[in-house]
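J.: what follows is a predicted protein model with its sequence.
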Amino acid sequence: MSPQPSLPRFWFRLLTFRASAADYASLDRGHLIVGLTLCWLVGFGRYWDDTRATLLQHTGIGSVIYVFVLAAVMWLVVKPVAPQRFTYTGILTFITLTSPPAALYAIPVEKWMTLEAANAMNLRFLGIVALWRLVLWMHYLRRLGQLSMGSVFCLAAVPLAAIFITLVSLNLHHVVFNIMGGIREADKTSQDAAYGLLNILALLSVPVSFLACLGWLWMILEGRRERKMLKYE
């Protein structure tokens with residue numbers, strides 16, 4: 001058996017899409033503790049200069065609570081499809097270890113940029129982090145679950161609408177938006193463009209998640225049929 005890589009090396013392999021199924025299967029309590037610590041630090045850094053942030057956001061505790069809920073949602077999606085390969089703790093640990101890219105949000109670009117430029121930069125940060133973490137999740141499903149790319153796309157798309165709609169509802173940066181009059185000059189922040197993109201993604205993700213749910217149900221039924229056939233052979 002090859003020795004387990006050091007934590008920094010493992011983390012680098014994970015974030016660069018080079019982690020193997022064995023790497024993912026080796027996640028343990030030590031990885032979870034480190035992951036939760038990283039999640040807390042990133043959450044703390046993300047809102048350190050946000051005057052509208054709540055106490056949970058300022059302390060980073062809100063980010064820790066969020067990953068527990070997100071992991072539960074992901075586990076409920078993948079568990080019926082590959083019940084022997086995924087555990088709640090394993091998914092939670094993986095999600096916490098993907099927290100560091102969100103440190104981009106902690107960069108206070110509005111301190112040295114115009115409001116318009118800061119909005120554009122935070123919009124890029126949102127796109128980079130969201131896409132990076134989504135592809136990491138798909139890589140995790142593909143490697144550990146030994147699933148086809150079609151199944152991976154389906155499983156990754158099922159919770160998208162719920163996630164985006166929840167983020168829009170929570171309005172984590174407390175963007176003040178009036179649907180008739182837009183955003184008043186006094187209420188403008190460097191996160192307005194990112195929040196607008198979240199609204200668009202929430203709308204677009206609904207039909208995508210609906211179609212993915214149909215594929216998900218088919219995968220569950222097909223898996224049960226195959227297990228019954230194996231049982232009677």
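T.: The structure has been received and is ready for your questions. Computed from a predicted structure; not experimentally measured.
J.: same for the lengthiest helix in the chain, what does it pack against?
T.: For the chain, the helix with the greatest residue count under DSSP state H is helix 192-232. Applying 3 or more C-beta pairs under 8 Å, 6 or more residues apart in numbering; DSSP states H and E, we find helix 192-232 packed against helix 115-145, helix 149-157, helix 160-170. All C-beta spots, glycine's among them, are computed from the backbone N, C-alpha and C.
J.: give me the buried positions along the shortest one.
T.: Using 16 or more other C-beta atoms under 10 Å as the test for burial, helix 149-157 gives 151, 152, 153, 154, 155, 156, 157.
J.: also the longest one?
T.: The neighbour-count criterion (16+ other C-beta under 10 Å) identifies 118-123, 125-126, 129-130, 132-133, 136-145 as the buried residues of helix 115-145.
J.: now do that helix: distance to the chain's middle.
T.: 8 Å (C-alpha atoms, centre = their mean, to the nearest Å).
J.: from residue 95, how far off is the one residue sitting closest to the centre of the chain?
T.: Nearest to the mean C-alpha position of the chain, by C-alpha atoms, centre = their mean, lies residue 133 at 5.6 Å. Distance from residue 133 to residue 95, counting by C-beta to C-beta, to the nearest Å: 8 Å.
J.: now residue 65
T.: To residue 95, residue 65 is 13 Å away according to C-beta to C-beta.
J.: these two: which has the busier surroundings?
T.: residue 95 (21 against 12; other C-beta atoms under 10 Å).
J.: surely that one and residue 67 touch.
T.: Yes - counting by C-beta atoms under 8 Å, residue 95 touches residue 67, with 5.3 Å between them.
J.: so for stretch 127-134, mean pLDDT?
T.: For stretch 127-134, mean pLDDT is 86.
J.: where does this protein have low pLDDT?
T.: 1-5, 49-53, 110, 113-116, 119, 168-196, 226-233 (pLDDT under 70).
J.: try 50
T.: Applying pLDDT under 50 to the chain picks out residues 1-2, 178-187.
J.: picking that back up, the residue nearest to the centre of the chain reaches residue 98, doesn't it?
T.: Yes - counting by C-beta under 8 Å, residue 133 does reach residue 98; the two are 5.1 Å apart.
J.: and for the nearest residue to residue 88 once chain neighbours are set aside, the neighbour number?
T.: Spatial nearest neighbour of residue 88, chain neighbours left out: residue 75 (4.5 Å); criterion: C-beta to C-beta, 6 or more residues apart in numbering. Each residue near residue 75 was counted by other C-beta under 10 Å, and the total is 16.
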